[in-house]
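Undergrad: what's the 3D shape of this:
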Amino acid sequence: MGLCKRKDSQPEIKDPAAMGDGKVVLKKQINLFQGVAIIVGIIVGSGIFVSPVGILQNVRSVGMSFVLWVICGIYNALGAVCYAELGTMIPQGGGEYIYIRRAFGDIASFVCLWIDFVLICPVGIAAMGLMFSVYLLKPIYPDCDVPELPQRLLGGLITCLLIAVNCVNVKWATKVQVVITISKLVALATIIIIGFYFIAKGETESFQDSFADSDTSAGAIALSFYSGFWAYSGWSYLNFLVDEMVNPVRNLPLAIFISMTLVICVYLLANVAYLGVLSPLQMLSSPAVAVTFADQTLGPLKWVMPILIAISVSGTMNGTALSMSRLFFIGAGNGHLPQFVSMINYKRLTPMPSLLTILVLTLIFQNSGDIFYLIEMEGFGFASILVMTFASHVYLRYKEPDLPRPIKVPVALPAVLCVVSVAIVVLTFYQKPKESFLALGLVALGIVLYLVCGKWKTKPKSIQEKIDHVTMFIQRLLLVIPPSKPEDLQFE
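TA: This is a model prediction of the structure:
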């Protein structure tokens with residue numbers, strides 16, 4: 001294929017109705033049902049199956065834990081409503097990166113992109129890939145830990161498979177997400193039905209004096225909120241895919257509302273069901289609550305639960321890769337990542353270089369002995385992004401008051417959520433100082449790289465030529481070209 005040159009280095013993604021006229025763009029093919037599946041599939045990962053006890057171990061009572069689950073769900077739902085306003089006001093793919101850039105400019109948006117690039121996306125997918133391996137292989141190693149080599153090999157294999165699906169066809173990726181989401185909801189429904197059956201038989205000891213010995217101190221509440229906050233994380237990822245949604249002004253807020261309502265209800269019912277079979281002490285001492293639950297209720301079919309957990313984790317991996325690849329694709333188009341990351345495979349119409357970049361970084365982290373140390377840095381990164389996003393929400397109300405807002409929330413809401421997110425960042429520094437300062441150092445390194453590589457416009461000709469040769473090599477290798485208007489594309 002010939003190489004493609006552009007007059008403008010920033011890609012512009014348009015409606016693909018005129019594909020026959022030569023446009024190479026991301027297609028609008030994610031409907032409302034698929035949008036719901038993506039959000040639910042990302043949020044409902046391993047947490048509700050493996051260790052939904054972070055709140056319980058801090059507040060020390062069943063009743064208070066349920067209060068915190070509801071409060072955390074409401075907090076995240078309110079955050080999702082704010083994202084719905086931003087997503088319908090600025091219906092561009094890229095999510096919070098786009099909103100922060102519009103409000104505060106290049107450096108702030110680059111910090112957001114860099115945090116996602118080095119702290120959240122590859123580290124998260126790498127960890128989930130390893131977790132997928134542990135639970136899928138657990139029936140083979142029932143009485144010992146899963147060996148490290150098969151764990152890493154299987155983690156790498158599932159990562160490669162999911163990235164390949166995303167590279168080949170967006171519809172395939174969304175269909176995979178739908179199937180996985182249905183599978184994990186079936187697993188949770190099984191837990192809920194069994195648990196409520198036990199409760200109906202009179203197994204209610206766990207709910208007696210449910211608020212006895214509650215720890216309502218500020219520290220306990222803060223730590224519990226922190227645990228619940230991350231249990232609901234993932235609701236923002238659909239905003240990265242707005243460019244590929246059918247009728248995003250209608251479907252984005254609907255998908256967010258339906259997803260958050262479903263997740264909150266399922267989380268509460270699952271926790272009630274667990275306590276219908278297990279005592280609070282059993283839950284706190286279990287390395288994987290759903291597995292312990294299955295051991296006591298499913299008999300010879302108990303091996304099914306680890307497999308269902310693995311399927312659930314793979315859904316979070318798939319949804320993260322699908323959404324985050326669009327963020328990096330758009331950030332590269334703005335000059336915040338290497339240019340080849342902003343290109344699309346001209347046959348598949350997928351952001352293949354962005355997806356393969358995620359794959360490479362993920363495989364590196366999966367082979368790092370410090371993977372779980374790095375995972376703990378995600379708390380700092382994600383909370384920092386929320387601070388910037390809610391701050392940009394407030395600022396845009398005053399900077400651009402006349403922007404059309406199909407959904408408009410009281411400005412006090414993002415302001416309060418911004419303050420709460422700042423408190424979470426401070427708490428992260430208090431709880432995980434080493435990880436937080438390392439994360440801060442990586443962010444500082446990213447700013448330096450941005451100033452040197454991104455803002456340095458007068459590079460020596462020899463350096464620029466080498467960069468161009470690498471870009472052209474990748475174009476030929478992956479059959480990718482920059483998306484843009486047909487009139488801005490010149491084929492050699």
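Undergrad: so where's the stretch 201-350 of the chain uncertain?
TA: Scanning the stretch 201-350 of the chain for pLDDT under 70 picks out the ranges 218-219, 222-223, 226, 229-230, 287.
Undergrad: what ranges does it have for its helices?
TA: Applying DSSP state H, counting those that start in this stretch to the stretch 201-350 of the chain gives helices spanning 218-231, 248-277, 280-285, 289-297, 304-333.
Undergrad: contacts for stretch 275-293, please.
TA: 48-53, 56-57, 62, 135, 138, 187, 191, 194-199, 203-207, 274, 296-297, 302, 305-306, 308-309 (CB atoms under 8 Å, 6 or more residues apart in numbering). Glycine gets a C-beta too; all of them are placed from N, C-alpha and C.
Undergrad: repeat that for 7 Å
TA: Here stretch 275-293 makes contact (CB atoms under 7 Å, 6 or more residues apart in numbering) with 49-53, 56-57, 62, 191, 195-196, 198-199, 203, 206-207, 274, 296-297, 305-306, 309.
Undergrad: could you do stretch 163-171 as well?
TA: Stretch 163-171 is contacted by residues 27, 29, 172-173, 176, 244, 321-322, 325, 348, 350, 352, 355, 358-359 when judged by CB under 7 Å, 6+ apart.
Undergrad: of the residues you listed - the most surrounded one?
TA: For the contacts of stretch 163-171, counting by other CB atoms under 10 Å, the largest number of neighbours falls to Leu322: 30 neighbours.
Undergrad: neighbours around Ser210, how many?
TA: A count of neighbours around Ser210, defined by other CB under 10 Å, yields 15.
Undergrad: now do the one 10 residues further on
TA: Applying the criterion other CB under 10 Å, we find 18 residues in the vicinity of Ala220.
Undergrad: any idea how far the residue nearest to it when sequence neighbours are not counted lies from Thr216?
TA: Computed as CB to CB, 6 or more residues apart in numbering, the closest residue to Ala220 that is not its neighbour in sequence is Asn58, at 4.8 Å. Computed as CB to CB, to the nearest Å, the Asn58 to Thr216 distance reads 11 Å.
Undergrad: higher neighbour count, the two?
TA: Between Asn58 and Thr216, Asn58 has the larger neighbour count (other CB under 10 Å), namely 22 against 13.
Undergrad: what residues does the more buried one make contact with?
TA: The contact partners of Asn58, by CB under 7 Å, 6+ apart, come to Asp215, Ala220, Leu223, Ser224, Ser227.
Undergrad: for the fourth one, what are its contacts?
TA: Okay, so that is Ser224. Counting by CB under 7 Å, 6+ apart, Ser224 makes contact with Ile55, Asn58, Val59, Leu68.
Undergrad: hmm, back to that, filter the contacts of stretch 275-293 down to the buried ones.
TA: Burial by neighbour count, judged by 16 or more other CB atoms under 10 Å, picks out 49-53, 56-57, 62, 191, 195, 198-199, 203, 206, 274, 297, 305-306, 309 from the contacts of stretch 275-293.
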